[in-house]
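**Q** sequence first, then the predicted structure, then my questions.
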Amino acid sequence: MSLQTIIILGLILFALTTLARTAIVVPQKTVFIVERLGKYSGTLEAGFHILMPFVDRVAYKHSLKEMVIDVPPQTCITKDNIQVEVDGVLYMQIIDPVKASYGVSDYRFASIQLAQTTMRSEIGKIDLDRTFEEREKINHEIVNAVDKASDPWGIKVTRYEVKNIVPPASIRDAMEKQMRAEREKRALIAESEGEKQAKINRAEGDKQEAIARSEGEKMKRINEAEGRAQEIERVALATAKGIREIAMAISEKGGLDAVNLRIAEQYLGEFGKLAQKNNTMIIPSNLSDVAGIVAAVGRIFSSMKPVEAEEMRKA
């Protein structure tokens, strides 16, 4: 191989190497900061680009996706002088790659330090009990502080979340005892409320039962009274009707004789019953004068005028 051939091959290899180093493909949601002779030259967005050999270079590469940065645990002192260990997660995004490249040497480290400082400050403003209740407020204050401070860096802090708030072991034991006592208190209150409600329900049931029973007894008595009234009315009507029929029968021919016969039969029949039931009998002084008694009763019926009998029948 001649010297000329070697030189040509070397030039071709050099050209290919140079082209490979200057041809750049930028991925989606990524930007490259290009410097020319040490100065900012431009920002390369997603796509294919060719740099000027020996003059341009990629100084910074930034992702425009939202980043999740873990904030390490740190010791904070609450307003009531309790040491707690707090950590969190910071969500941020680059919105200006140039500022992120030249505004601060390490925006990640700076944002973490700022978040920790703000978190210590916010924890120191409140008591231990409120630190668990006011996480949202703490997160909001940290986001505002870090976002405001990171604006010159081209960084947008979207949110911050407190992960853990760990008090000392002695405080945890005291809190656990307090929570256990609170749970027992709630259990006792719930049990007493249940018993109270059960008693109310039973009393209400007894009340409803008594009302229902009294209503039933009331309706029973009303129905019985109405039944007795109807019975009395119907008996009276039947008796009146019977009397009218008897009066009509008496007013007819031979009716008075029939009445006398009937009276005599009943008179003798009643005396016969007395003889069967009792050893001692009360005998009228004029028992032998049955015909006289019957005649006296018959005169009573015969004294009734036919007109009165007719009025009784019509009634």
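**A** Thanks, I have the structure now.

**Q** run through who's touching stretch 99-110.
**A** Residues from elsewhere that reach stretch 99-110 (C-beta atoms under 8 Å, 6 or more residues apart in numbering): 33, 40, 59-60, 62, 67, 69, 94, 150, 152-155. Yep, even glycine has a C-beta here, placed from its N, CA and C like the rest.

**Q** quick one: which of those is nearest to E133?
**A** Using C-beta to C-beta, I69 comes nearest to E133 of those, at 25.7 Å.

**Q** right, and the pair among the contacts of stretch 99-110 with maximum separation?
**A** Farthest-apart pair in the contacts of stretch 99-110 is Y40 and I69; separation 25.7 Å (C-beta to C-beta).

**Q** got a quick PyMOL command for the buried subset of the contacts of stretch 99-110?
**A** To isolate the buried ones among those in PyMOL, judged by 16 or more other C-beta atoms under 10 Å, type:
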select buried, resi 33+59+60+62+67+69+94+150+153+154+155
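
**Q** just put the contacts of stretch 99-110 in a markdown table and tack on pLDDT.
**A** Formatted as a markdown table, these follow (pLDDT from 0 to 100):
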| residue | pLDDT |
| --- | --- |
| I33 | 93 |
| Y40 | 92 |
| A59 | 93 |
| Y60 | 93 |
| H62 | 93 |
| M67 | 92 |
| I69 | 92 |
| I94 | 93 |
| S150 | 88 |
| P152 | 90 |
| W153 | 91 |
| G154 | 91 |
| I155 | 91 |
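
**Q** the contacts of stretch 99-110 into TSV, with extra columns for secondary structure and distance to D127?
**A** Shown next, in TSV, are the contacts of stretch 99-110 (DSSP: H, G, I helix; E, B strand; the rest coil; distance: C-beta to C-beta, whole Å):
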residue	secondary structure	distance to D127
I33	strand	47
Y40	strand	50
A59	strand	49
Y60	strand	44
H62	strand	41
M67	strand	33
I69	strand	29
I94	strand	37
S150	helix	30
P152	helix	35
W153	helix	34
G154	coil	38
I155	strand	32
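
**Q** which one among the contacts of stretch 99-110 gets closest to A46?
**A** For the contacts of stretch 99-110, the nearest to A46 is H62 (12.1 Å; C-beta to C-beta).

**Q** okay, now the closest residue to that closest one other than its chain neighbours: neighbour count?
**A** Once flanking residues are discounted, H62 sits nearest to P97: 4.6 Å by C-beta to C-beta, 6 or more residues apart in numbering. P97: 21 surrounding residues under other C-beta atoms under 10 Å.

**Q** numbering from 7 from now on, please.
**A** All set: I'll call the first residue 7, so the last point we hit is now P103.

**Q** low pLDDT regions in this protein?
**A** Low-confidence regions of the chain, defined by pLDDT under 70, span residues 7, 277, 281-321.

**Q** and the longest helix for it?
**A** Longest helix in the chain, counting residues (DSSP state H): helix 175-257.

**Q** other SSEs contacting it?
**A** helix 261-283, helix 312-320 (3 or more C-beta pairs under 8 Å, 6 or more residues apart in numbering; DSSP states H and E).

**Q** now do the first one: distance to the chain's middle.
**A** The offset between the C-alpha centroid of helix 261-283 and the centroid of the whole chain comes to 86 Å, using C-alpha atoms, centre = their mean, to the nearest Å.

**Q** what's the angle between that helix and helix 175-257?
**A** Helix 261-283 runs at 130 degrees relative to helix 175-257, counting by axes from the mean of the first three to the mean of the last three C-alpha atoms, to 10 degrees.

**Q** then stretch 87-95 to PDB, C-alphas only?
**A** C-alpha atoms of stretch 87-95 as PDB (Å, rounded to 0.1, in the frame of the first residue of the first chain):
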ATOM      1  CA  ASN A  87     -39.400  21.900  71.200                       C
ATOM      2  CA  ILE A  88     -39.900  18.300  69.900                       C
ATOM      3  CA  GLN A  89     -37.300  16.900  67.500                       C
ATOM      4  CA  VAL A  90     -38.900  15.200  64.500                       C
ATOM      5  CA  GLU A  91     -37.400  13.700  61.400                       C
ATOM      6  CA  VAL A  92     -39.000  14.800  58.200                       C
ATOM      7  CA  ASP A  93     -38.500  13.800  54.600                       C
ATOM      8  CA  GLY A  94     -40.400  14.500  51.400                       C
ATOM      9  CA  VAL A  95     -40.600  14.400  47.600                       C
END
